[in-house]
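> I'd like to go over a predicted model; first the sequence, then the structure.
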Amino acid sequence: MIRRLELTPGGPTGRRTLAEEAAAELHELILSGELPSGTALRLEELAKRLDMSQMPIREGLRRMAALGLVEIVPHKGAWVRELSMEDLRDTHATRLALESLAVRAAATRFSDSDASTARDALAEHVRLSKLGDNIASRQAHTEFHFAIYRAGGSRWLPRAIEPVWQNSERYRFGSRQTKARIEQTRREHQAILDACVAHDEAGAEAALREHLEGAMQRITETMERRSARSTGKP
């Protein structure tokens, strides 16, 4: 079963408050790119779009700001935070620092139960990627990584990772993945998992860093292509 992160809005739909529902809807709209970076977030427009009053929308925006996905300036308004190379590099460096600590901690105490949870999430991620279900695949990908990070036993590391993880998810552009890319990603994830199962701290960190560096390179190339198209450069 896919677990929600502690700070991420969600939970069973029937048990959400209106504010939680608004936060969950805004969260998905931002991560999916339906509300692109720089979009002005006007309460009246969002209330019509989500078919609810402005009060829960306002609280939902505050929760998105707490995750670093939205910027709110008093008396000026709110908007989706911009994507930029500077922000991407900062996000990547922070993830490397925090997630390296987390995966090393996990490798020291990784249990059979932890391995089973991570394997199930990885299998689900591969299955959903092949189906082209970007939303569910993204959730399974998150569960794989955080199943490992939670195994380290720290109360605070997964919480510290979550906001920067959420920001990095905005850079995962939603095109359908090729079979080769899905398999490459599976191998990278499997290498992280195998090192944790073997209680190989250095190996787990090395595998994680290779995975994150590869993702950083692909995202950078995509952003550069988009920038070139927008400016008319060849």
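It's in.
> pretty sure residue 172 contacts residue 137?
No - in this structure residue 172 lies outside contact range of residue 137 using Cβ atoms under 8 Å: 9.9 Å. For every residue, glycine as well, the C-beta is placed using N, CA and C.
> More neighbours: those two, which one.
Neighbours of residue 172 and residue 137, each counted by other Cβ atoms under 10 Å, are more numerous for residue 137; the result is 21 against 17.
> Looks like the more buried one contacts residue 128 (just checking).
Yes - taking contact to mean Cβ under 8 Å, the distance of 3.9 Å between residue 137 and residue 128 places them in contact.
> Confirm for me that residue 67 is in contact with residue 165.
No - at 9.5 Å, residue 67 and residue 165 do not qualify as touching, with contact defined as Cβ under 8 Å.
> and residue 209, what element?
Under the criterion DSSP states H and E, the helix or strand holding residue 209 is helix 201-231.
> Retrieve the pLDDT associated with residue 12.
Note on residue 12: pLDDT of 44.
> and the chain, what are its domains?
Residue ranges for the structural domains of the chain, counted by the TED database, are given in the record as 18-80, 85-231.
> mind putting those domains in CSV, mean pLDDT included?
Shown next, in CSV, are the domains of the chain (pLDDT from 0 to 100):
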stretch, mean pLDDT
domain 18-80, 92
domain 85-231, 93
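> which helices and strands does whichever strand or helix holds residue 196 pack with?
Secondary structure assignment for residue 196, by DSSP H and E: helix 179-197. With contacts taken as 3 or more Cβ pairs under 8 Å, 6 or more residues apart in numbering; DSSP states H and E, helix 179-197 sits against helix 85-109, helix 112-131, helix 134-151, helix 201-231.
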